[in-house]
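Colleague: pasting a predicted model and its sequence here:
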Amino acid sequence: MCIFAMRELPPTAGLPLHWRDLLPRRGDADLEARLHPVLGIDDLQVTCSGTAALVIALTTLSRNSPCSEVIVPAYTCPLVAMAVSHCGLRLRVCDLQRDGLELDPDMLSSLCGPRTLAIVPTHLGGRVVDIGAAIKCAARSGAWVIEDAAQALGARHADGTPVGMLGDIGFYSLAAGKGLTMYEGGLLVSRHPELREQMRVVANELAPTQHLWELRRSIELLGYAAFYRPRQLQWVYGMPLRRALSRQDFEAAAGDSYPTRIPLHRVGHWRRAVAARAALRLPAHLSALEQQARRRIAQLQRIPGVEVIGDAPGAQGVWPLLMLRMRHGSSRDAVLARLWGAGVGLGIPFAHALPDYAALQDVIPKAAVPNARDFAARVLAISNTPWLDYATFMRIVEVIGQA
Ligand SMILES: *Cc1c(COP(=O)(O)O)cnc(C)c1O
């Protein structure tokens with residue numbers, strides 16, 4: 001039942017487009033230069049998705065190395081697993097720390113060895129994790145660290161380093177709803193100049209210009225401009241969500257997708273320019289989200305049995321959504337039963353721990369990942385969109401409190 005009829009809030013705080021973004025001017029084409037002062041990274045590589053960025057990174061690394069295993073967290077975007085499999089590499093799933101988002105250090109050291117090509121820690125939902133253990137393990141076995149910062153554009157580690165630049169390689173997603181968007185897009189970064197050079201060469205080879213894909217994404221970006229607003233989102237997001245929930249398809253409801261093929265192509269000038277134009281508003285957007293998050297976290301922390309997930313000590317995350325861990329899976333499910341699909345921007349980041357996706361059985365090995373499963377069962381995500389007004393937020397707080 002839709003209790004807030006007509007208004008549909010997005011699950012994350014994407015940056016809405018203005019109509020004038022669609023008519024970019026000369027100078028807007030240089031998205032990389034526009035983002036330099038915002039991110040503090042002067043050499044960015046634009047890709048057609050975050051997944052494509054990971055494919056380009058892994059392909060580059062595996063051309064230089066006989067190693068074939070990639071370690072990923074057991075609770076992350078299924079597209080990460082698809083990218084590893086696309087590259088013909090072997091996926092190793094590492095559990096999370098108990099009550100944390102970091103990779104479990106014991107399991108990580110047992111997985112990491114002479115066959116390890118890369119470790120891919122995730123800054124889930126804008127939360128900055130400590131990647132120290134991953135860097136140590138990687139150094140010991142000659143592997144690389146790739147930071148999955150898909151949802152963390154603008155975040156910084158405790159020492160001020162932008163996420164993605166403390167490991168060897170990092171990537172951001174510019175998909176719809178992840179913040180700044182080109183409908184589908186990504187950014188690839190590395191602190192090693194020679195890797196940046198090689199990744200550009202690999203991208204030219206793997207991801208050539210494909211006019212039909214670019215046309216499709218351009219139309220989708222126009223659709224985003226038209227529909228990414230509370231009165232329109234029900235048509236493209238709310239209704240499919242409620243249909244998925246009514247057939248108990250929680251993977252579709254959470255927005256988990258696993259396409260059979262990963263599109264790889266160049267991003268055209270117009271979409272880059274639209275994103276560059278919107279990027280002028282990114283710093284103000286990020287700081288408004290942070291202020292709203294601080295106030296709302298204070299409210300949520302007053303609810304007994306609820307823990308708001310924060311950043312590693314000293315780190316500066318970004319706030320597309322607020323993630324909570326409830327004491328019991330049953331109370332989490334009770335909140336979902338009342339508010340998921342109610343148009344208020346409440347849901348879960350991903351449906352399961354990676355080994356529990358039936359459709360990905362061939363790609364993801366079975367693994368004992370009790371902490372990731374426990375997290376998947378107790379996590380709740382509340383959109384931090386500015387469209388979620390205080391009264392509606394307090395209603396969500398009330399429902400969580402009752403559960
Ligand atoms: C969205 C996401 C990706 C993939 O990015 P796309 O741009 O959608 O391909 C990878 N990792 C995480 C954690 C994500 O949320």
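Modeller: Yes, it's here. Just so it is clear, the structure is predicted and the values come from calculations on it, not from any experiment.
Colleague: now stretch 41-59: average pLDDT?
Modeller: On average, the pLDDT along stretch 41-59 is 97.
Colleague: what's the answer for stretch 250-269, then?
Modeller: 93.
Colleague: check which residues of it are buried.
Modeller: Using 16 or more other C-beta atoms under 10 Å as the test for burial, stretch 250-269 gives 250-256, 258, 262, 264-268. All C-beta atoms are positioned from the backbone trio N, CA, C, and that covers glycine.
Colleague: and the end-to-end length of that stretch?
Modeller: Its start and end residues considered, stretch 250-269 measures 37 Å (C-alpha to C-alpha, to the nearest Å).
Colleague: so what's the closest residue to Leu339 other than its chain neighbours up against?
Modeller: Of all residues not flanking Leu339 in the chain, Leu346 sits nearest, at 4.4 Å (C-beta to C-beta, 6 or more residues apart in numbering). Contacts for Leu346 (C-beta atoms under 8 Å, 6 or more residues apart in numbering) come out as Pro11, Val335, Leu336, Leu339, Trp340, Leu380, Ala381, Ile382, Ser383, Ile396.
Colleague: wait, isn't the first one in contact with Gly255?
Modeller: What it means is Pro11. Yes - Pro11 lies in contact with Gly255 (C-beta atoms under 8 Å); the separation is 7.2 Å.
Colleague: with respect to Gly132, which of the contacts of Leu346 is nearest?
Modeller: Ala381 (26.2 Å; C-beta to C-beta).
Colleague: how many other residues sit next to the closest one?
Modeller: Using other C-beta atoms under 10 Å, Ala381 has 22 neighbouring residues.
Colleague: again, but for Thr181
Modeller: Count around Thr181 with other C-beta under 10 Å applied: 24.
Colleague: just Ala207 next, same as before
Modeller: 21.
Colleague: against Val201, how distant is it?
Modeller: Between Ala207 and Val201 the distance is 11 Å, computed by C-beta to C-beta, to the nearest Å.
Colleague: again, but for Glu220
Modeller: 29 Å.
Colleague: between the two, which one's more packed in?
Modeller: Neighbour totals were compared for Glu220 and Val201, and Glu220 leads with 15 against 12 (other C-beta under 10 Å).
Colleague: spell out the secondary structure type for that one.
Modeller: Of the three states, Glu220 takes helix under DSSP: H, G, I helix; E, B strand; the rest coil.
Colleague: tell me how far it lies from Trp213.
Modeller: According to C-beta to C-beta, Glu220 stands 10 Å off from Trp213.
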